[in-house]
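Enquirer: Next input, structure requested:
(chains A and B)
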Number of protein chains: 2
Amino acid sequence: MTEQKIPRATAKRLPIYYRYLKLLLDEGKTKISSVDLAEIVKIDAATIRRDFSCFGALGKRGYGYDVAELIEFFAGELNQDNLASVALIGLGNLGHALLNFKFQKTSNVRVSAVFEVKPELINTIQSGVPVFSMDELEEQIEEQRIDVAMLTVPADAAQTIATRLEASGIKGILNFTPMRLNVSRKVHVQNVDLTNELQTLLYFIDNDISN
Amino acid sequence: MTEQKIPRATAKRLPIYYRYLKLLLDEGKTKISSVDLAEIVKIDAATIRRDFSCFGALGKRGYGYDVAELIEFFAGELNQDNLASVALIGLGNLGHALLNFKFQKTSNVRVSAVFEVKPELINTIQSGVPVFSMDELEEQIEEQRIDVAMLTVPADAAQTIATRLEASGIKGILNFTPMRLNVSRKVHVQNVDLTNELQTLLYFIDNDISN
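Expert: Numbering: from 1, shown residues only, chains lettered A, B, ... in the order given. Predicted coordinates for the structure are as follows:
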């Protein structure tokens, strides 16, 4: 892991680079130029070169980057050797989809506990993962050393759960509710707001704002 | 709709402003300062003032913004009077969740057609929406005047479908596949990459990059 703080925008692109470099290696590609990579990942070549240089990875002119070296490097950065345990809070339609989503295929993430309020789901195993009562939230998060929660509860429950998650020591929340969560800066929140994504897309289309 | 091009980052915040202002009005709030709004939407007050001024909305010092006026204004910007028809391509776990997702509650979006390859789903009605064969994609998109598609097909089918969507005149794709799509600049693509969101969150936690 780097000591220096890297730009948030750069950090967001790391998993994209990582995944595509692995695909390229699988296809037998051992070298890649920033221009060729740009074409594949849809990020411009100058940005790629700047991002890579943040980590001290420097391609050679007329040769490009060594794919395996980059993968090894990004895997370390992304801490791919550690398996992260994630809690899923709320097992509605979206929660169900997330539980069955193939995060594992390309990443180091495993859903290890589900929390629900519906009595018929509590104490069952869903897609190989135990479902706990919401009352057990704090205890299980501590016991299983879960750092990250995916939040898919109804909007009116979101803040209450977020406050409990923070109190139980969670470090990050992937927030699928439409609410903006009120937590301290110690908790990282990544908002995935589907209504917002769709409305933004419609707005871009209506106003022809370029990509 | 505005004639001037507004910054992409500002455009992305419009639906957030819109939704929260509606919540505030529902709670009986008629005026709001940028500082109070900042606290609620988790966007800093200076950014809010700059965003609002892009649209000529100017709060009065010591009074703030008129909530109803802002809502009317943003509703127009977001074209809330027009109902947008959306196609859902792929009815796996995530597709199923999107089909049942309550986009309608706070927005002007309606899923009007689903496209699938599984024979047992074709020609059925799922959650009130007809499921078509993938062979009918071009015809239905044209006939129903669908501008936007949500893409939740397997990764290896993503590019083929995206190419067909572009040829059929689609204007925007909400891309839930992990693939970066190769389409012309005429088609707006909004990527919702869940593995990426989760990995970014983990990276932020590991490296303590501040929110």
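
Enquirer: going forward, measure contacts between C-alpha atoms and count neighbours the same way
Expert: Fine.

Enquirer: Quick check: end-to-end length of stretch A:139-154?
Expert: 22 Å (Cα to Cα, to the nearest Å).

Enquirer: Please read the previous query as pertaining to stretch A:176-186.
Expert: End-to-end distance for stretch A:176-186, by Cα to Cα: 19 Å.

Enquirer: shaky segments in chain A?
Expert: Scanning chain A for pLDDT under 70 picks out the ranges A:1-5, A:57-58, A:81, A:104-107, A:209-211.

Enquirer: Just want the most central residue of it.
Expert: A:Leu174 (7.5 Å; Cα atoms, centre = their mean).

Enquirer: my guess is that one meets A:Leu181, correct?
Expert: No. A:Leu174 is beyond contact range of A:Leu181, at 10.7 Å (criterion: Cα atoms under 8 Å).

Enquirer: any residues in contact with both of the two?
Expert: Shared contacts of A:Leu174 and A:Leu181, defined by Cα atoms under 8 Å, 6 or more residues apart in numbering or on different chains, comprise A:Val189.

Enquirer: who's in contact with the helix or strand containing A:Arg50?
Expert: Element membership for A:Arg50, per DSSP states H and E: helix A:45-54. Helix A:45-54 has contacts (Cα under 8 Å, 6+ apart) with A:6, A:10, A:34-35, A:37-38, A:58.

Enquirer: Distance from the longest strand seen in chain A to the middle of the chain?
Expert: The single longest strand within chain A, with elements called by DSSP state E, is strand A:109-116. Here strand A:109-116 is found 15 Å from its chain centre; the criterion is Cα atoms, centre = their mean, to the nearest Å.

Enquirer: Sheet partners, orientation included, of whichever helix or strand comes after it?
Expert: As assigned by DSSP H and E, the chain's next helix or strand after strand A:109-116 is strand A:125-126. Counting by DSSP bridges, the strands paired with strand A:125-126 are strand A:129-133 (antiparallel).

Enquirer: Can you give me the buried ones in the partner strand?
Expert: Going by neighbour count (16 or more other Cα atoms under 10 Å in any protein chain shown), the buried part of strand A:129-133 is A:129-132.

Enquirer: got the angle for the strand or helix carrying A:Ile71 vs helix A:45-54?
Expert: A:Ile71 belongs to helix A:67-77 when assigned by DSSP H and E. On the basis of axes from the mean of the first three to the mean of the last three Cα atoms, to 10 degrees, helix A:67-77 is oriented at 60 degrees to helix A:45-54.

Enquirer: Mind listing what's buried along helix A:67-77?
Expert: Neighbour-count burial for helix A:67-77 [16+ other Cα under 10 Å]: A:67-68, A:70-71, A:73-75, A:77.

Enquirer: do the same with stretch A:119-139
Expert: Applying 16+ other Cα under 10 Å to stretch A:119-139 flags A:121-122, A:126, A:129-132, A:134, A:137-138 as buried.

Enquirer: got the phi/psi numbers for A:Pro178?
Expert: Note on A:Pro178: backbone dihedrals following degrees, to the nearest 10 are phi -80, psi 0.

Enquirer: now the residue lying closest to it once chain neighbours are set aside: how far from B:Thr124?
Expert: Sequence neighbours aside, A:Asp193 is the residue nearest to A:Pro178 in space, at 5.7 Å (criterion: Cα to Cα, 6 or more residues apart in numbering or on different chains). Counting by Cα to Cα, the separation of A:Asp193 from B:Thr124 is 29 Å.

Enquirer: for A:Ala87, same thing?
Expert: Taking Cα to Cα, one finds A:Ala87 at 35 Å from B:Thr124.

Enquirer: Could you do A:Ala155 as well?
Expert: Computed as Cα to Cα, the A:Ala155 to B:Thr124 distance reads 31 Å.

Enquirer: Quickly check: the strand or helix carrying A:Ala158 near chain B or not.
Expert: Assessed by DSSP H and E, A:Ala158 sits inside helix A:155-167. No. Helix A:155-167 is not in contact with chain B by Cα under 8 Å from any Cα of the partner chain; minimum separation 11.3 Å.

Enquirer: Count the residues that sit near A:Leu151.
Expert: 26 (other Cα atoms under 10 Å in any protein chain shown).
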